[in-house]
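A.B. asks: Coordinates only, no sequence provided:
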């Protein structure tokens with residue numbers, strides 16, 4: 001795991017808000033040795049419990065991963081700081097950025113990306129519990145790609161352009177993965193809203209990995225560019241409606257239609273992995289990697305950190321089997 005660095009912490013303590021009916025109670029944990037949580041709202045659709053509980057079951061650990069669906073960051077932090085059986089948490093919206101000032105230690109990935117999706121525990125020299133934060137989304141993106149392309153194709157990404165579709169929170173982790181792990185040179189950013197991309201570029205630049213980021217504004221611009229070797233699509237599966245959305249879609253089609261083909265990671269898999277981008281990329285001859293792969297690998301990275309185990313000791317194939325079964329169910 002990357003070297004951690006101290007982070008200015010703001011202590012979180014329970015208050016009267018924890019007594020409000022909107023704060024869900026923590027379920028009974030008496031039958032468990034340890035417990036982890038997903039903090040966020042809404043999270044009822046999450047596949048994470050299937051992933052982590054499959055790991056604990058395969059390793060014969062009396063641990064459980066539970067959903068704690070709550071808008072109150074204070075309530076989540078109270079569990080993390082005070083629950084004796086707590087050993088880690090996944091963090092999703094709306095807490096991924098807001099949690100950072102409350103952490104004691106932040107890894108370089110969490111610091112650079114500016115969002116935390118994982119809390120883990122370490123101890124200070126005097127035994128005090130420290131809340132540490134990192135971002136495993138970038139690891140999930142990296143491994144989803146590297147585990148599904150040949151070594152030659154992975155090597156071909158180095159020093160060549162990549163592309164990211166979208167301008168939301170995932171795009172920061174995607175930029176980090178393409179720049180720091182896969183060695184892409186320029187990164188094309190395609191999005192309906194230029195201001196979102198401008199913010200991504202500014203934030204990544206301020207953290208030292210924003211060189212070569214470029215917003216693509218038109219089909220004519222896309223036609224002149226070298227084809228990206230790898231694409232990450234991080235947008236919901238909605239049909240284009242506005243003119244800016246149609247422009248973005250045409251730019252994507254232009255890039256996918258170039259003679260040389262590469263790999264595309266389609267991050268959207270809920271409610272269905274059969275997205276329009278998936279279909280378009282397959283029809284154009286691209287290697288499509290489903291977003292479930294990224295979810296699996298970022299989750300396994302969390303368990304590696306929480307359990308302090310090597311990845312080789314985790315039941316990767318069992319996790320894939322369990323998640324595949326859940327994704328195939330009609331309600332997902």
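C.D. replies: The structure has been received and is ready for your questions. Predicted, not measured: the structure shown is a model, and the values here were computed from it.

A.B. asks: hang on, residue 231 in a strand?
C.D. replies: Yes. When DSSP: H, G, I helix; E, B strand; the rest coil is applied, residue 231 is found to be in a strand.

A.B. asks: Is it in contact with residue 251, as I believe?
C.D. replies: No. Judged on CB atoms under 8 Å, residue 231 makes no contact with residue 251 at a distance of 11.4 Å. Every C-beta, even on glycine, is put in place using the N, C-alpha and C of the backbone.

A.B. asks: These two: who's more crowded?
C.D. replies: residue 231 (28 against 24; other CB atoms under 10 Å).

A.B. asks: Would you mind naming the residues that bridge with that one?
C.D. replies: residue 163, residue 264 (DSSP bridges).

A.B. asks: Find me the pLDDT at it, would you?
C.D. replies: Looking at residue 231, its pLDDT is 98.

A.B. asks: Next: residue 4.
C.D. replies: At residue 4, pLDDT is 49.

A.B. asks: Repeat that for residue 241.
C.D. replies: pLDDT, read off for residue 241, is 95.

A.B. asks: Residue 274 now?
C.D. replies: pLDDT recorded at residue 274 is 89.

A.B. asks: and it, what does it touch?
C.D. replies: Residues near residue 274 by CB atoms under 8 Å, 6 or more residues apart in numbering: none.

A.B. asks: The one 3 residues further on too?
C.D. replies: Residue 277 makes contact with 165, 233, 235, 237, 252, 264, 266, 268 under the criterion CB under 8 Å, 6+ apart.

A.B. asks: out of those, which are buried?
C.D. replies: 165, 233, 235, 237, 252, 264, 266, 268 (16 or more other CB atoms under 10 Å).

A.B. asks: Of the contacts of residue 277, which is the nearest to residue 47?
C.D. replies: Closest approach between the contacts of residue 277 and residue 47, by CB to CB: residue 268, at 13.5 Å.

A.B. asks: Then the closest one would be within a strand, right?
C.D. replies: No. Counting by three-state DSSP, residue 268 is not part of a strand but coil.

A.B. asks: can you give me phi and psi for it?
C.D. replies: phi -80, psi 120 (degrees, to the nearest 10).

A.B. asks: Check residue 89 too.
C.D. replies: Torsion angles, degrees, to the nearest 10, at residue 89: phi -150, psi 150.

A.B. asks: what about residue 30, distance to residue 69?
C.D. replies: 22 Å (CB to CB, to the nearest Å).

A.B. asks: So which of these two has more stuff around it?
C.D. replies: Per other CB under 10 Å, whichever of residue 30 and residue 69 has more neighbours is residue 69, with 15 against 6.

A.B. asks: I figured that one hits residue 46, correct?
C.D. replies: No. If you go by CB under 8 Å, residue 69 and residue 46 don't touch, sitting 9.2 Å apart.

A.B. asks: Enumerate every residue touching residue 247.
C.D. replies: So residue 247 contacts 192, 217-219 (CB under 8 Å, 6+ apart).

A.B. asks: Tell me the one among the residues you listed nearest to residue 241.
C.D. replies: Nearest to residue 241 among the contacts of residue 247: residue 192, at 9.6 Å, using CB to CB.

A.B. asks: out of everything not next to it in sequence, what's closest to that closest one?
C.D. replies: Nearest residue to residue 192, sequence neighbours excluded (CB to CB, 6 or more residues apart in numbering): residue 244, at 4.2 Å.
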